[in-house]
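In: got a predicted structure here, sequence first:
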Amino acid sequence: MCGIVGYAGKRDVVSVLFKGLTNLEYRGYDSAGMALRDDGEIKIYKTLGKLINLKNELELKKNEIHHPTSGIGHIRWATHGSPSLVNAHPHTCNCGKLAIVHNGIIENYKELREELIKKGCTFKSQTDTETIAHLVANEYSITKNLEEAVRNSVKKLQGAYAVCVMHKDVPDVIIGARKHAPMLVAIGEDENFIASDTPAIIEYTKKAIYLDDNEIAVVTKNSVKITDTEGNEIKKNIEILPFEPAALSKQGYKHFMLKEIHEQPDVIRNVLNGKLFDIDAPVILNEVKIDADTLKKLNKIKIIACGTSLHAALAGKYLIEDFAGISVEVEASSEYIYRKTTTDASTLVIGVSQSGETADTITAIKQAKSKNSHVLIITNRPDSNMARLADSLIPVNAGIEVSVAATKSYTAQLISFYLLAIHFAEIKNTLDSEFLKHLKHELIQIPSKIETILSDLKPIKECAKKFSSYKNFIYISRGINLATAYEGALKLKEISYINATGYPAGELKHGPIAMLDETMPVLAILIPGGITYEKILSNCEEAKARNAKLIALTSSDDTNIDSIFDIVLRIPKVPEILSPAMTCVPLQLLAYFIAEYLGKDVDQPRNLAKSVTVE
Ligand code: G6P
């Protein structure tokens with residue numbers, strides 16, 4: 001949700017900003033812009049739509065850009081004000097000497113705007129960001145000190161912000177400030193960076209300082225100073241970032257999504273690494289600080305998440321209830337915040353988030369913490385805000401995920417839930433030891449079984465080709481694969497814009513069956529030998545009787561369903577309880593190939609952003 005990068009240093013400023021924005025483009029692609037300090041001026045360039053348009057614009061204007069020494073850049077996912085050129089960042093003030101980029105939402109921007117208009121400020125855009133530009137310029141005209149002007153201004157802001165400011169009269173100084181939106185300062189030699197997320201800078205340095213709320217960074221190419229909003233200097237640790245630049249290349253794949261789908265076997269091995277290595281040894285989750293006593297006192301577990309992470313949570317609920325016998329509720333973070341009585345000190349609250357920055361989930365987690373609940377965070381970003389709020393943590397180690405549609409982070413979250421559910425079962429001694437061994441043995445086999453799926457994509461491609469012209473789909477299942485049905489349908493919706501709904505198979509006859517005819521394919525996920533198989537098969541027969549086209553996703557040992565289904569997709573044999581870690585893969589691929597046939601923008605689907613930092 002918007003990306004910010006700032007740079008002061010020895011390299012070609014335009015290239016550094018452009019590279020940084022390219023690596024952040026998954027956060028938004030409604031417009032892009034840069035402010036450059038060049039020839040003693042602040043020069044601003046903005047374009048509508050994707051970053052490539054900014055590249056073309058900069059190429060066109062290359063004769064007017066000489067030797068920029070610092071700059072700030074932005075890619076936008078529109079919230080306040082439509083995606084238009086006038087609303088694109090950087091924004092400026094009446095005199096044009098100041099440039100500002102912003103991520104977040106200023107809640108009191110209307111009041112501030114009215115006050116500033118009374119003081120003579122002329123607004124050009126509908127954005128909340130322009131308010132900050134005028135506010136800082138106004139303060140600067142009084143204090144003649146940019147740092148103080150930023151400090152005074154942010155004290156007046158309500159809401160969320162990560163902002164970068166530069167001013168013509170304060171050469172090569174970039175000031176960053178944050179509250180409820182991520183921001184880091186990256187440290188180089190004779191160069192420093194500010195960014196909203198690590199991919200922007202990881203190709204240049206691995207050293208970074210994470211800003212906390214209400215901190216302000218004053219950055220030049222040779223210095224970094226962090227203060228609070230009163231101007232008191234704060235000593236911060238320099239952290240070494242865990243990511244490798246290789247994660248940001250497609251490595252020969254056509255899209256990041258396809259590359260990330262193929263990374264899943266190794267991602268799962270990574271998640272298991274150090275936590276489950278021997279079927280006779282207990283699962284080790286070092287950063288989960290919940291002992292037998294705490295577990296005994298728990299009366300319930302509440303899992304909160306959004307989007308794909310919410311679907312992993314649904315599978316997690318099933319696993320924890322099944323393995324450890326603890327009652328679990330799952331709720332969308334944006335709904336959880338309205339529930340007054342559901343959480344207390346004897347509730348364990350689990351927050352699930354790929355990015356660790358989703359505003360809805362952060363708000364929900366803070367609410368849970370205020371009720372004294374123990375908070376466990378499952379995230380792909382142990383460096384995120386959410387992870388910093390955690391009492392217990394499971395880092396899922398999927399590596400940077402660039403495609404907006406989540407794939408490898410989902411399987412990593414699922415595997416984390418298997419480990420957590422087993423861990424709780426081991427503490428509570430709720431599972432038979434032979435079953436536990438079998439479970440662990442099968443879990444360890446999953447990466448190589450996914451490799452088998454990935455080694456033959458032909459059936460999935462054929463299915464995609466055959467069904468790419470359909471406008472509506474229903475994905476059905478029961479039990480633990482209901483989460484897979486929801487997630488498979490979400491993948492298709494996100495990247496192909498086809499209307500796909502995940503539904504409990506047993507509910508089909510209570511309403512949706514009315515929609516079924518030959519234009520509405522039904523995709524069923526059913527695993528032989530499982531507790532739901534026969535009933536799902538009956539539900540498919542009901543759909544067939546209404547002329548629906550049927551697709552089965554089943555395992556290789558399911559030999560007698562070809563006569564019922566139009567297409568059968570298979571995964572290697574697996575116990576039903578573990579199957580979601582594998583059934584999701586053909587559905588990710590099906591969505592991918594359908595979107596490909598339809599010529600959609602797979603990695604950056606319209607209207608979406610990978611990390612949604614507004615509620
Ligand atoms: C956005 C993304 C989804 C993601 C959701 C939750 O909507 O487009 O792919 O599942 O946010 O994100 P999180 O980072 O909290 O898992």
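Out: Arrived safely, thanks for sending. Here the structure is a predicted model, which is why all the values come from computation and not from measurement.
In: can you name the residues in contact with the longest strand along the chain?
Out: Of all the segments assigned as strand in the chain under DSSP state E, the longest by residue count is strand 170-179. Defining contact as CB atoms under 8 Å, 6 or more residues apart in numbering, one finds that strand 170-179 is touched by 6-8, 37, 40, 69-70, 72, 104, 146-147, 150, 154, 157, 159-167, 183, 185, 194, 211-221. (C-beta placed from N, C-alpha, C; glycine too.)
In: and it, what's its mean pLDDT?
Out: On average, the pLDDT along strand 170-179 is 96.
In: do stretch 60-68 as well
Out: Across stretch 60-68, pLDDT averages out at 95.
In: now it - C-alpha only, PDB.
Out: Presented in PDB, the C-alpha positions along stretch 60-68 are these (Å, rounded to 0.1, in the frame of the first residue of the first chain):
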ATOM      1  CA  LEU A  60      12.000  11.900 -22.200                       C
ATOM      2  CA  LYS A  61      13.100  14.600 -19.700                       C
ATOM      3  CA  LYS A  62      16.700  13.300 -19.300                       C
ATOM      4  CA  ASN A  63      18.200  16.500 -20.800                       C
ATOM      5  CA  GLU A  64      16.800  18.600 -17.900                       C
ATOM      6  CA  ILE A  65      18.100  16.200 -15.200                       C
ATOM      7  CA  HIS A  66      21.800  16.800 -14.600                       C
ATOM      8  CA  HIS A  67      23.400  15.500 -11.400                       C
ATOM      9  CA  PRO A  68      20.800  14.900  -8.700                       C
END
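In: and the worst-scoring helix or strand of the chain on mean pLDDT, what's buried?
Out: None of the helices or strands of the chain scores lower by mean pLDDT, DSSP states H and E than helix 292-297, at a mean of 87. Buried residues in helix 292-297, defined by neighbour count with 16 or more other CB atoms under 10 Å: Leu295.
In: one step back: just give me how far the longest strand of the chain sits from the chain centre.
Out: Relative to the mean C-alpha coordinate of its chain, strand 170-179 is positioned 27 Å out (CA atoms, centre = their mean, to the nearest Å).
In: and the average pLDDT for the next helix or strand after it is what?
Out: Beyond strand 170-179 in the direction of the C-terminus, DSSP states H and E gives the next helix or strand as strand 184-187. In this model, strand 184-187 has a mean pLDDT of 96.
In: direction included, what does strand 184-187 pair up with?
Out: Strands that pair with strand 184-187, judged by DSSP bridges, come out as strand 191-195 (antiparallel), strand 207-210 (antiparallel).
In: how far out from the middle of the chain is it?
Out: Mean-position distance between strand 184-187 and its chain equals 21 Å (CA atoms, centre = their mean).
In: of all the strands paired with strand 184-187, which lies closest to Asp278?
Out: Ranking those by distance to Asp278, with CB to CB as the measure, places strand 207-210 first at 35.9 Å.
In: mind checking the pLDDT average for the closest one?
Out: Confidence for strand 207-210, expressed as mean pLDDT, is 95.
In: what comes into contact with it?
Out: Counting by CB under 8 Å, 6+ apart, strand 207-210 makes contact with 182-188, 198, 201, 217, 224, 226, 236-241, 383, all of which sit outside it.
In: related to what we said a few turns ago, from the contacts of strand 170-179, list just the buried residues.
Out: The neighbour-count criterion (16+ other CB under 10 Å) marks 6-8, 37, 69-70, 72, 104, 146-147, 150, 154, 157, 159-167, 183, 185, 194, 211, 214-221 among the contacts of strand 170-179 as buried.
In: in helices, which of these fall?
Out: With helices identified by DSSP state H, the entries of these that belong to them are 146-147, 150, 154.
In: which of the helices or strands spans the closest residue to Leu276 other than its chain neighbours?
Out: Closest residue to Leu276 apart from its sequence neighbours, by CB to CB, 6 or more residues apart in numbering: Val283 at 5.3 Å. Here Val283 is covered by no helix or strand, with elements defined by DSSP H and E.
In: who in the protein is up against the ligand?
Out: For the chain, the contact set with the ligand under CB under 6 Å from any ligand atom comprises 306-309, 353-355, 358, 361, 404, 406, 608, 610-612.
In: mark which of those are part of helices, please.
Out: Among these, DSSP H puts 307-309, 361 in helices.
In: if we can go back for a sec, put the buried members of the contacts of strand 207-210 into a ChimeraX selection.
Out: The ChimeraX command for the buried members of these (criterion: 16+ other CB under 10 Å) is given here:
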select :182,183,184,185,186,187,188,198,201,217,224,226,236,241,383
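In: how far does stretch 508-520 stretch from start to finish?
Out: Using CA to CA, to the nearest Å, the end-to-end distance of stretch 508-520 comes out at 13 Å.
In: got the contact list for the residue in the stretch 251-400 of the chain that the ligand sits nearest to?
Out: Here the stretch 251-400 of the chain gets closest to the ligand at one residue, Gly307, 2.6 Å apart by CB to the nearest ligand atom. The contact partners of Gly307, taken as CB under 8 Å, 6+ apart, are 358, 406, 490.
In: rewinding a little: single out the most deeply packed of the strands paired with strand 184-187.
Out: Across the strands paired with strand 184-187, averaging neighbours per residue (mean count of other CB atoms under 10 Å) puts strand 191-195 on top, at a mean of 26.
In: residues contacting that strand, please?
Out: By CB under 8 Å, 6+ apart, the residues outside strand 191-195 that reach it are 3-11, 16, 20, 24, 72, 164, 174, 176, 183-186, 200-201, 204-205, 217, 219-224.
In: tell me the average confidence for it?
Out: Averaging pLDDT along strand 191-195 yields 97.
In: roughly how far is it from the heart of the chain?
Out: Taking the mean of its C-alpha atoms, strand 191-195 sits 23 Å from the chain's own mean (CA atoms, centre = their mean).
In: I figured Ile132 hits Leu157, correct?
Out: Yes. Taking CB atoms under 8 Å as the contact criterion, Ile132 and Leu157 are neighbours in contact, 6.9 Å apart.
In: give the residues shared as contacts by those two.
Out: Taking CB under 8 Å, 6+ apart as the contact criterion, the common neighbours of Ile132 and Leu157 are Ile106.
In: give me the nearest residue to Phe593, chain neighbours excluded.
Out: For Phe593, the spatially nearest residue (CB to CB, 6+ apart) is Ala464, at 3.4 Å.
In: ok so the one you found is a helix residue?
Out: Yes. Using DSSP: H, G, I helix; E, B strand; the rest coil, the assignment for Ala464 is a helix.
In: what's the burial count for it?
Out: Number of residues near Ala464 (other CB atoms under 10 Å) recorded here: 21.
In: residue contacts, it?
Out: When the contact criterion is CB under 8 Å, 6+ apart, the partners of Ala464 are 589-590, 592-594, 596-597.
In: tell me how far it lies from Leu492.
Out: Distance, Ala464 to Leu492, using CB to CB, to the nearest Å: 10 Å.
In: give me the common contacts of the two.
Out: If you check Ala464 and Leu492 against CB under 8 Å, 6+ apart, the residues they both contact are 590, 594.
In: so which elements touch the longest helix belonging to the chain?
Out: If each helix of the chain is counted by residues according to DSSP H, the longest one is helix 433-455. Applying 3 or more CB pairs under 8 Å, 6 or more residues apart in numbering; DSSP states H and E, one finds that helix 433-455 makes contact with helix 264-272, helix 408-428, helix 580-597.
In: just so I know, which of the ones you listed lies nearest Ala137?
Out: helix 408-428 (40.8 Å).
In: please point out which parts of the closest one sit buried.
Out: Under the neighbour-count criterion of 16+ other CB under 10 Å, helix 408-428 has 408-427 buried.
In: again, but for stretch 306-324
Out: Of the residues in stretch 306-324, 306-320, 322-324 count as buried by neighbour count, 16+ other CB under 10 Å.
In: so where is the stretch 1-150 of the chain shaky, pLDDT-wise?
Out: The stretch 1-150 of the chain contains residues with pLDDT under 70 at 1.
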